[in-house]
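Engineer: Any chance you could fold what I've pasted below:
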Amino acid sequence: MSEQVPILQVKKLVKTYGDKPVLNGIDLVVEKGKVIAILGPSGCGKSTFLRCLNGLEEVQGGDILLESESLISKSTDWRNVRQRIGMVFQSYDLFPNLTVMENILLSPLKVQKRPRQEVEAQARELLERVGLADRANDYPRQLSGGQKQRIAIVRALCINPDIMLFDEVTASLDPEMVREVLDVIAQLADQGMTMLIVTHEMNFARLVADEVIFMDKGNIHEHAPAERFFSDPQTERAQQFLNILQF
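Structural biologist: The predicted structure follows:
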């Protein structure tokens, strides 16, 4: 039996801004169905790493393979790749002039050219799952921050991605709104969605992640099963990080 190809592989990925290095040769293998939490201090390259995986940042070296297909090519159609690698940001990025339903339907109808009836049915099912079935006709201004973020997640899921990237999606939320968003992500983990999650929510990362990568200064200092990372970090830098957080 042939060995299953990882859904995503990152090889010696390099990102610089001018002369400033941001990612210093990152290596990572992501197996299908795994949840990987990306931890580290602010400014260490976590968000930039996710943006590189989604084609939002140009890289200066290395490779990104999506099921063995290299994405580092001038011929890569990132608009199509983003149908397979969905991403949710901390800023929601909902169109204020469109209703919740219109925001969700935009990409599946315009980019994927799917039948409206099919997409609407999926959107309503997803809204039901995140507890917002009654807000389909509301506008973003009528929603709380937590509700907007859940809509952003539904919008990303409605394109049927193979991988989801979450970039500090609770960072701009009030504490009472954080739980409702994290609960949605935890449900996705239970359903087997492949996810890479940049977060500062340590308890959540420990609960939901299969693996943790700890980054600092553009390098991965530690990559370990989540429980082992939190209970027995192997590197001094990871130990310092967790001690500062009193975790």
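
Engineer: what's the nearest residue to the residue nearest to the spatial centre of the chain if we skip its chain neighbours?
Structural biologist: Central residue of the chain (Cα atoms, centre = their mean): Leu165, 1.4 Å from the mean position. With sequence-adjacent residues excluded and distances taken as Cβ to Cβ, 6 or more residues apart in numbering, Leu165 is closest to Met87, at 4.3 Å. C-beta here means a position set from N, CA and C on the backbone, and glycine is covered the same way.

Engineer: can you check Ala205 too?
Structural biologist: Spatially, and ignoring its direct neighbours in sequence, Ala205 is nearest to Ala37 (3.8 Å; Cβ to Cβ, 6+ apart).

Engineer: ok, residues contacting the strand or helix carrying that neighbour?
Structural biologist: According to DSSP states H and E, Ala37 maps onto strand 35-39. Strand 35-39 is contacted by residues 28, 30, 46, 49-50, 189, 193-200, 202, 205, 208-215, 226, 241 when judged by Cβ atoms under 8 Å, 6 or more residues apart in numbering.

Engineer: Looking at those residues, which are in strands?
Structural biologist: Within the contacts of strand 35-39, membership in strands is found for Leu28, Val30, Thr194, Met195, Leu196, Ile197, Val198, Glu211, Val212, Ile213, Phe214, Met215, as judged by DSSP state E.

Engineer: show me what contacts the nearest residue to the second one once chain neighbours are set aside?
Structural biologist: To tie it back to what came earlier, the one meant is Val30. Taking Cβ to Cβ, 6+ apart as the measure, Val30 lies nearest to Leu8, with 4.0 Å between them; neighbours along the chain are not counted. The contact partners of Leu8, taken as Cβ under 8 Å, 6+ apart, are Leu28, Val29, Val30, Leu53, Ile64, Leu65, Leu66, Glu67, Ile163, Thr194.

Engineer: cutoff 10 Å now
Structural biologist: Leu8 makes contact with 28-32, 34, 36, 53, 64-67, 71, 84-85, 162-163, 194, 196, according to Cβ atoms under 10 Å, 6 or more residues apart in numbering.

Engineer: and the longest helix along the chain, C-alpha only, in CSV?
Structural biologist: Of all segments of type helix in the chain, defined using DSSP state H, the longest is helix 175-190. Once side chains and other backbone atoms are set aside, the C-alpha atoms of helix 175-190 remain, and they are given as CSV (Å, rounded to 0.1, in the frame of the first residue of the first chain):
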residue,chain,number,x,y,z
PRO,A,175,-13.7,38.3,26.3
GLU,A,176,-17.4,37.2,26.4
MET,A,177,-17.5,36.8,22.6
VAL,A,178,-14.3,34.7,22.4
ARG,A,179,-16.0,31.5,23.6
GLU,A,180,-18.7,31.5,20.9
VAL,A,181,-16.0,31.6,18.2
LEU,A,182,-13.7,29.1,19.7
ASP,A,183,-16.7,26.7,20.1
VAL,A,184,-17.3,26.8,16.4
ILE,A,185,-13.6,26.0,15.7
ALA,A,186,-13.7,23.2,18.2
GLN,A,187,-16.7,21.7,16.4
LEU,A,188,-14.7,21.8,13.1
ALA,A,189,-11.9,19.9,14.8
ASP,A,190,-14.3,17.3,16.0
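
Engineer: quick revisit: what separation do you get for the residue nearest to Val30 and Met215?
Structural biologist: Note on Leu8: its distance to Met215, by Cβ to Cβ, to the nearest Å, is 17 Å.
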